[in-house]
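Chemist: A structural model of the following input is requested.
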Amino acid sequence: ELNGKTFFSASDGTNGKELWISDGTAAGTQLLKDINPGAGSSNPYRLAVSNGKLYFQANDGTHGEEAWVSDGTPAGTQLLKDINNGAANSKPGGFFGYNGQTFFSANNGTDGEELWISDGTTAGTKMLKDINAGAAPGVSIPYYGEYFFAAYNGKLYFPARDMSHGIELWETDGTTAGTQIAVDYYPILTGLEPQNLTAYNGKLYFSGLDTGVAVNNRELFVTDGTPAGTKMVKDIYPGLMGASPGSFIEYQNKLFFWATEPATSTELWVTDGTEAGTVLFKDIYVGGGVNSSSPGGFVLYSDKLFFTAHRGDGREVFVSDGTAAGTFDIRPASANKLHPLGGNIEKYTVAANSIFYSAWYNDSNGTDLWVLRDTTLTDSATSVNNVKPSPVFYTLAPNPANDVLQVALNSSHTDGHISITDIT
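Modeler: Down below sits the predicted model:
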């Protein structure tokens with residue numbers, strides 16, 4: 001969201017997949033700019049608001065996939081910089097605002113994927129440091145870039161590698177000299193490989209390798225930004241497999257996340273930052289082995305924690321008040337279809353004091369847009385109400401949002417219609 005409006009990628013069947021803008025009304029939802037003119041698509045994605053501007057990746061048909069910036073107007077939506085000159089792609093991503101600057105990764109075609117910084121101008125966009133000298137990448141940000149960067153204790157932390165170290169925890173103060181390895185946990189080329197960086201209770205928590213040699217042996221780690229203050233919180237799944245914790249979210253002064261261990265498989269866990277306080281919160285899909293609820297899509301709404309999980313007969317919406325007894329699934333009374341959320345971990349959109357999401361609750365309706373408003377939920381509550389069926393599949397974002405709902409058509413559809421209705 002930027003200046004009370006939301007941005008998304010969509011196709012109207014004429015201009016290809018381009019950047020759109022909405023103020024939450026049908027009249028205020030429109031194409032912001034046809035970046036790749038005509039029927040071609042610029043395919044804007046990796047959208048992120050930073051320091052009062054929208055940053056994203058797009059292809060105008062001339063410069064390849066490059067960094068773009070927008071102030072929310074057509075004239076103010078422009079190429080930030082042609083980082084990889086010509087039609088080649090720099091594939092920027094992970095845009096993250098910190099201390100008045102925007103940090104991201106990009107490949108200029110010579111130095112590999114490295115850490116870049118921008119003040120929102122072409123002249124002020126530059127590679128901050130060639131961490132891994134030469135063409136090899138120093139940073140590699142996942143497609144969505146979620147939890148790649150984390151602001152903590154006056155610095156920005158992220159995973160990176162150089163010629164002498166594996167993927168370890170790095171820090172930057174926004175200067176080249178101040179961009180350096182923070183924790184060399186394993187003095188070998190494998191590295192700690194920190195992921196899902198999340199600040200909580202004065203420390204930085206993440207998923208890391210607990211041996212430095214086992215590819216999948218991930219456990220819960222914590223750091224204060226120093227080698228001496230970096231340690232495993234708990235070996236949840238001892239041995240070579242690892243718990244692979246992820247999707248951290250703070251709720252009621254604790255950190256909730258998913259993790260895997262043999263007895264229960266992948267379930268909902270919680271930690272207070274201590275080994276003794278890191279425990280299974282609830283075994284939602286009882287039985288272990290293949291019986292895994294695989295919780296995810298966590299979001300806070302009305303002082304409760306919402307997420308999706310598999311309960312044995314399909315993935316459902318779950319709500320928690322922070323207690324095991326107060327954690328249960330909810331669905332409308334009219335629902336007659338199992339597995340209404342499909343196989344993906346649904347991400348909710350919080351807008352207009354409600355939660356929006358897509359689901360297929362009834363065999364005859366297909367995938368619809370649903371809204372949940374009731375905050376006094378009970379097990380098997382009927383407080384989920386259908387808003388409007390959709391003739392196509394779509395994606396809801398951002399998460400969270402304030403009074404604005406973003407609805408983006410999937411790229412597999414060449415056209416479609418979006419109706420935005422005031423439901424208050």
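Chemist: where do the strands sit along the stretch 101-250 of the chain?
Modeler: 101-107, 113-118, 125-129, 150-152, 155-160, 168-172, 180-183, 195-200, 203-209, 218-223, 231-234, 246-251 (DSSP state E, counting those that start in this stretch).
Chemist: helices and strands around the fourth one, which ones?
Modeler: Applying 3 or more CB pairs under 8 Å, 6 or more residues apart in numbering; DSSP states H and E, we find strand 150-152 packed against strand 155-160, strand 195-200. For every residue, glycine as well, the C-beta is placed using N, CA and C.
Chemist: same check, this time on the first one
Modeler: Under the contact criterion of 3+ CB pairs under 8 Å, 6+ apart, strand 101-107 touches strand 53-59, strand 93-98, strand 113-118.
Chemist: the helix or strand following the first one pairs with which strands, parallel or anti?
Modeler: Proceeding N to C from strand 53-59, the next assigned helix or strand is strand 65-70, under DSSP states H and E. Strand partners for strand 65-70, identified by DSSP bridges, are recorded as strand 53-59 (antiparallel), strand 78-81 (antiparallel).
Chemist: what's in contact with the first one?
Modeler: In this case it means strand 53-59. Residues outside strand 53-59 that contact it (CB atoms under 8 Å, 6 or more residues apart in numbering) are 2, 7, 19, 35-36, 41-49, 65-72, 80, 89, 91-93, 95, 102, 104, 118, 120.
Chemist: ok, the last one next?
Modeler: Applying CB under 8 Å, 6+ apart, the contact partners of strand 78-81 are 55, 60, 63, 66-70, 118, 120, 122, 125.
Chemist: was I right about residue 220 contacting residue 231?
Modeler: No: look at residue 220 against residue 231 with CB atoms under 8 Å: they stay out of range, at 10.2 Å.
Chemist: so which of the two has more stuff around it?
Modeler: residue 220 (28 against 12; other CB atoms under 10 Å).
Chemist: hey, what's that one bridged with?
Modeler: residue 207, residue 234.
Chemist: got a list of what it touches?
Modeler: Neighbours of residue 220 in contact, by CB under 8 Å, 6+ apart: 205, 207, 232-234, 236, 243, 245, 257, 259, 271, 278.
Chemist: and the gap between residue 341 and residue 246?
Modeler: To residue 246, residue 341 is 19 Å away according to CB to CB, to the nearest Å.
Chemist: ok, now which ones touch residue 314?
Modeler: Residue 314 touches 338-341, counting by CB under 8 Å, 6+ apart.
Chemist: need the buried ones from those selected in ChimeraX.
Modeler: Entered in ChimeraX, the line below selects the buried ones among those, by 16 or more other CB atoms under 10 Å:
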select :340,341
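Chemist: circling back to that earlier point, distance to residue 186, mean neighbour count and mean pLDDT added to the helices and strands packed on strand 101-107, as CSV?
Modeler: Formatted as CSV, the helices and strands packed on strand 101-107 follow (distance: least, CB to CB, whole Å; neighbours: other CB atoms under 10 Å; pLDDT from 0 to 100):
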stretch, distance to residue 186, mean neighbour count, mean pLDDT
strand 53-59, 33, 24, 96
strand 93-98, 24, 22, 92
strand 113-118, 21, 24, 96
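Chemist: reformat the ones you listed as a markdown table; add distance to residue 294.
Modeler: Output for the helices and strands packed on strand 101-107, formatted as a markdown table (distance: least, CB to CB, whole Å):
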| stretch | distance to residue 294 |
| --- | --- |
| strand 53-59 | 29 |
| strand 93-98 | 25 |
| strand 113-118 | 30 |
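Chemist: quick one: which of these is nearest residue 319?
Modeler: strand 93-98 (29.9 Å; CB to CB).
Chemist: please identify the pairing partners of the closest one and their relative orientation?
Modeler: Taking DSSP bridges as the criterion, strand 93-98 pairs within the sheet with strand 101-107 (antiparallel).
Chemist: buried sites along the partner strand?
Modeler: Buried residues in strand 101-107 (16+ other CB under 10 Å): 101-107.
Chemist: which of those residues lies closest to residue 159?
Modeler: Closest to residue 159, out of all of these and judged by CB to CB, is residue 105, at 11.0 Å.
Chemist: export the strands of the stretch 101-250 of the chain to CSV and tack on distance to residue 28?
Modeler: CSV is the format used below for the strands of the stretch 101-250 of the chain (distance: least, CB to CB, whole Å):
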stretch, distance to residue 28
strand 101-107, 27
strand 113-118, 29
strand 125-129, 31
strand 150-152, 33
strand 155-160, 35
strand 168-172, 38
strand 180-183, 45
strand 195-200, 35
strand 203-209, 40
strand 218-223, 44
strand 231-234, 47
strand 246-251, 31
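Chemist: of the ones you listed, which is nearest residue 189?
Modeler: strand 168-172 (10.2 Å).
Chemist: how about residue 9, what does it touch?
Modeler: 17-20, 43-45, 47, 408.
Chemist: max pairwise distance over the contacts of residue 220: which two?
Modeler: Of all pairs drawn from these, the greatest distance, 14.6 Å, lies between 232 and 257 (CB to CB).
Chemist: between these two, who's got more neighbours?
Modeler: Higher neighbour count among residue 232 and residue 257: residue 257, with 24 against 15, using other CB under 10 Å.
Chemist: element containing that one?
Modeler: Per DSSP H and E: strand 254-261 holds residue 257.
Chemist: what comes up buried for that strand?
Modeler: 254-261.
Chemist: now render the residues you listed as TSV, adding pLDDT and distance to residue 29.
Modeler: Shown next, in TSV, are the buried residues of strand 254-261 (pLDDT from 0 to 100; distance: CB to CB, whole Å):
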residue	pLDDT	distance to residue 29
254	98	39
255	98	37
256	98	34
257	97	36
258	96	35
259	96	40
260	94	41
261	93	46
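Chemist: okay, those in CSV with distance to residue 13 next?
Modeler: Output for the buried residues of strand 254-261, formatted as CSV (distance: CB to CB, whole Å):
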residue, distance to residue 13
254, 47
255, 45
256, 42
257, 41
258, 39
259, 44
260, 44
261, 49
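Chemist: tell me the one of these nearest residue 172?
Modeler: residue 255 (24.4 Å).
Chemist: residues touching the closest one, list them.
Modeler: Applying CB under 8 Å, 6+ apart, the residues near residue 255 are 198, 200-201, 205, 248-249, 270-273.
Chemist: now, of these, which are buried?
Modeler: Here, 16+ other CB under 10 Å leaves 198, 200, 205, 248, 270-271, 273 buried among the contacts of residue 255.
Chemist: excluding covalently adjacent residues, which one is nearest to residue 41?
Modeler: Counting by CB to CB, 6 or more residues apart in numbering, residue 16 is the residue found nearest to residue 41 once chain neighbours are left out, at 3.5 Å.
Chemist: tell me where this structure has helices.
Modeler: Assigned by DSSP state H, the chain shows no helices.
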